[in-house]
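Novice: using only what follows, build the 3D model:
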Amino acid sequence: MEKRQKRYTEEFRVQMMELIKAGRNPKELADEFGCHVTTLRDWMKQNSVIQGGSANALSRLADNERAELIQLRREVKRLKIERDILAKATAWFARQDGGIVQ
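Specialist: Model (predicted):
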């Protein structure tokens, strides 16, 4: 049995995205217009990538996600600094023990 994909017009896609942006629930729209909710969400993701991509990614995050992202970036920065310090200390101790000949 062959599966056939439904083809939607670009106008339909744009209208669905505008309705979602206006606050309509994707699940309700999918039920009302006979398409799958995943299709609507995929269209929204594609549209956001085309219209701004990662530049707007931070603004789309919820407050708790934004705070967590900022905290994780700080932690990554701190860990990189600690890693660099440990690498320098390892090299220094190796030279002191005569392990590295210059």
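Novice: what's the following helix or strand after the helix or strand of the chain with the lowest mean pLDDT?
Specialist: None of the helices or strands of the chain scores lower by mean pLDDT, DSSP states H and E than helix 57-60, at a mean of 60. Scanning forward in sequence from helix 57-60 by DSSP states H and E, the next helix or strand is helix 63-96.
Novice: tell me the average confidence for that next one?
Specialist: Averaging pLDDT along helix 63-96 yields 91.
Novice: tell me what that helix is packed against?
Specialist: Here helix 63-96 touches no other helix or strand, going by 3 or more Cβ pairs under 8 Å, 6 or more residues apart in numbering; DSSP states H and E. Heads up, the C-betas are built off the backbone N, CA and C, glycines and all.
Novice: so how far is that helix off the chain centroid?
Specialist: On the basis of Cα atoms, centre = their mean, to the nearest Å, helix 63-96 sits 23 Å off its chain's mean C-alpha point.
Novice: residues near His36, how many?
Specialist: Neighbourhood size, His36 [other Cβ atoms under 10 Å]: 12.
Novice: show me the contacts for it.
Specialist: Residues in contact with His36 (Cβ atoms under 8 Å, 6 or more residues apart in numbering) are Ala30.
Novice: if you set the cut-off to 10 Å instead, what comes out?
Specialist: Contacts for His36 (Cβ atoms under 10 Å, 6 or more residues apart in numbering) come out as Lys6, Pro26, Ala30, Asp42.
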